[in-house]
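Undergrad: Let's see this in three dimensions:
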Amino acid sequence: MTIIKCKNFTVVTVLSSDLEDISAEDLERLIEIGVPERTELEFKYMLDPGREGHKKNLVKEVTSFANTSGGDLLIGIPDPDDVDHLGLSLNWITDYTRDEYKLKLEDIIRTGTQPQLSSHEIHTIPNPNQGGAGFVAIVRIQQSMISPHRATNSSGKPFYGRNSAGTYSYDVEQLREQLIEQYRLTEEIESFLADRIAKIRAGNTPAPYETGPSIILHVIPATAFGLQPEVDISPGENEMKGLPLFHRNSSGSHYGRARRNVDGIVNSKDFQRDDEDLWSEYTQLYRDGRIEAVHSFHLRNERVEEDRVGFLTLYEILRDRIPDYLGFLADRKVQTPIFLYMTFIESKGYVLAKGRRNRTDRLDRDVATLPSATVESYDTPYSEIIKDLLQEVWHAFGEFGDPYDTLGEPEDRLSENGRR
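TA: Numbers count the residues shown, from 1 in each chain. Have a look, this model is predicted:
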């Protein structure tokens, strides 16, 4: 914790950016010097996740932080205005274990916010006194890129923000401003996708590429369009490795040669190939965490007469690569949500192979950008994300319902075909 004393005796404190570095002594010092609540700081002397009123207060506070500029909710710390009757001591939580308490808070936040809030961390600090029992807690909330978040367990006005006086309910104009900002994010993502797809179709790519039927995956953190710092895309030994290419592990090495470029790092097998022998696939990692992965399938269909994309092959590609791309962003603490978009280009007339002899209808357009799959939390199972993407592919090729219901679980089918 940093403490700066000014001439007029105003004290400014900054809690460590790493929650693990905050100690009980730091929190006790906050009480001693009388740090007031403000836009990014809220004190709760007691917050019992078993009480309905406390649950509502928790959701109200975390959504107010997420809808504004983020901040810390300190639990077990008295508000300076209440010190006279509560005293200067921390209020140690003893009715729950540390793990139980964290799980209960997570459950309240998960079920009490819409859209679900994921831009937060919960940290507990044990009583350091010898033989002392209990702990205090900190909930750190980042400013959300998909605000406004609604408190679903709140009666009356369910949207909250914060200012120097604390938490307040949004009025109509403030809510309108939040919704306009959300619309701006959607417009920026759509503009980025349109620009990139047009350039790829024109052959204006960061690596050698022969235009033709291809699948493009864009992984887009919402923070890429905010005032967030650049992502550390080159941590030492991985700098020359880049991100793996957008194909399944069974298709040979999924790494090519990585190069730095103006946008970040691009990986391709085609930098030293003749134009007549291209793989026509690459992975571009942008400095702000965006990922563009291109998989060309027209060059692999020369031995078959039919223009087709294999459903199981597409599943394998997503199964093998989604963990790499999302894991990379998670390791660098890139804030969710993250939007995943799949686009088929130059693919009009292609069919989706459901089995050896079973086909879908033909794709009806040259460019098909599918609805996004949204990753609201890194805790979301990869299998759910992949299923969401494949559901949109299934619909794009004219099918109704759920492909897993129709075809069965992909892993079971791969096992039956000896491809697992």
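
Undergrad: Where do the strands of the stretch 301-420 of the chain begin and end?
TA: Secondary structure of the stretch 301-420 of the chain by DSSP state E, counting those that start in this stretch: the strands cover 308-310, 338-345, 351-353, 367-369, 373-375.

Undergrad: wait, which of those strands is closest to Ile180?
TA: Closest approach to Ile180 among the strands of the stretch 301-420 of the chain (CB to CB): strand 338-345, 19.0 Å. The way it works is simple: take the backbone N, C-alpha and C, and place the C-beta from them, glycine included.

Undergrad: Packing partners of that closest one?
TA: For strand 338-345, the elements it packs on are helix 172-201, strand 214-221, helix 311-331, strand 367-369, strand 373-375, helix 382-396, judged by 3 or more CB pairs under 8 Å, 6 or more residues apart in numbering; DSSP states H and E.

Undergrad: can you list the weak-confidence ranges in the stretch 1-150 of the chain?
TA: Within the stretch 1-150 of the chain, the stretches with pLDDT under 70 are 1-14, 82-88, 130.

Undergrad: Show me where it has its strands.
TA: 2-5, 11-14, 41-44, 71-75, 113-114, 120-126, 135-141, 150-151.

Undergrad: export those to JSON lines and tack on distance to Glu52?
TA: JSON lines is the format used below for those (distance: least, CB to CB, whole Å):
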{"stretch": "strand 2-5", "distance to Glu52": "38"}
{"stretch": "strand 11-14", "distance to Glu52": "33"}
{"stretch": "strand 41-44", "distance to Glu52": "16"}
{"stretch": "strand 71-75", "distance to Glu52": "17"}
{"stretch": "strand 113-114", "distance to Glu52": "16"}
{"stretch": "strand 120-126", "distance to Glu52": "20"}
{"stretch": "strand 135-141", "distance to Glu52": "18"}
{"stretch": "strand 150-151", "distance to Glu52": "13"}
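
Undergrad: And those: which comes nearest Arg359?
TA: That would be strand 113-114 among those, by CB to CB, at 39.9 Å.

Undergrad: With Leu245 as the reference, name the closest of the strands of the stretch 301-420 of the chain.
TA: strand 338-345 (15.9 Å).

Undergrad: what does the closest one contact?
TA: The contact list for strand 338-345 (CB atoms under 8 Å, 6 or more residues apart in numbering) reads 189, 193, 197, 200-201, 213-222, 309, 322, 326, 329, 350, 363, 366-370, 372-375, 385, 389, 392-393, 396.

Undergrad: same thing with stretch 352-364?
TA: 306, 308-311, 344, 347-351, 393-394, 396-399, 406-407.

Undergrad: Quick one: end-to-end length of it, please.
TA: Terminal residues of stretch 352-364 lie 12 Å apart, using CA to CA, to the nearest Å.

Undergrad: Flag every buried residue along it.
TA: Leu352, Ala353, Lys354, Thr360, Leu363 (16 or more other CB atoms under 10 Å).

Undergrad: Repeat that for stretch 214-233.
TA: In stretch 214-233, the ones that count as buried by 16+ other CB under 10 Å are 214-225, 228, 231, 233.

Undergrad: repeat for stretch 31-49
TA: Ile31, Val35, Glu37, Thr39, Glu40, Leu41, Glu42, Phe43, Lys44, Leu47, Asp48, Pro49.

Undergrad: Need those residues in JSON lines (columns: distance to Arg287).
TA: Formatted as JSON lines, these follow (distance: CB to CB, whole Å):
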{"residue": "Ile31", "distance to Arg287": "42"}
{"residue": "Val35", "distance to Arg287": "36"}
{"residue": "Glu37", "distance to Arg287": "37"}
{"residue": "Thr39", "distance to Arg287": "30"}
{"residue": "Glu40", "distance to Arg287": "27"}
{"residue": "Leu41", "distance to Arg287": "32"}
{"residue": "Glu42", "distance to Arg287": "34"}
{"residue": "Phe43", "distance to Arg287": "38"}
{"residue": "Lys44", "distance to Arg287": "39"}
{"residue": "Leu47", "distance to Arg287": "39"}
{"residue": "Asp48", "distance to Arg287": "45"}
{"residue": "Pro49", "distance to Arg287": "40"}
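
Undergrad: Give me the neighbour count for the closest residue to Leu175 other than its chain neighbours.
TA: Distance criterion CB to CB, 6 or more residues apart in numbering; nearest residue to Leu175, sequence neighbours excluded, is Phe159 at 5.6 Å. By the criterion of other CB atoms under 10 Å, Phe159 has 20 neighbours.

Undergrad: Report pLDDT for Phe159.
TA: We have a pLDDT of 90 for Phe159.

Undergrad: Kindly report the same for the one 3 residues further on.
TA: For Arg162, the pLDDT comes out at 91.

Undergrad: hang on, the earlier thing: so which of the strands of the stretch 1-150 of the chain is nearest Glu20?
TA: strand 120-126 (7.1 Å).

Undergrad: quick revisit: who wins for proximity to Gly256 among the helices and strands packed on strand 338-345?
TA: Comparing the helices and strands packed on strand 338-345 by CB to CB, helix 311-331 comes nearest, at 13.9 Å.

Undergrad: tilt between that closest one and strand 214-221?
TA: 30 degrees (axes from the mean of the first three to the mean of the last three CA atoms, to 10 degrees).
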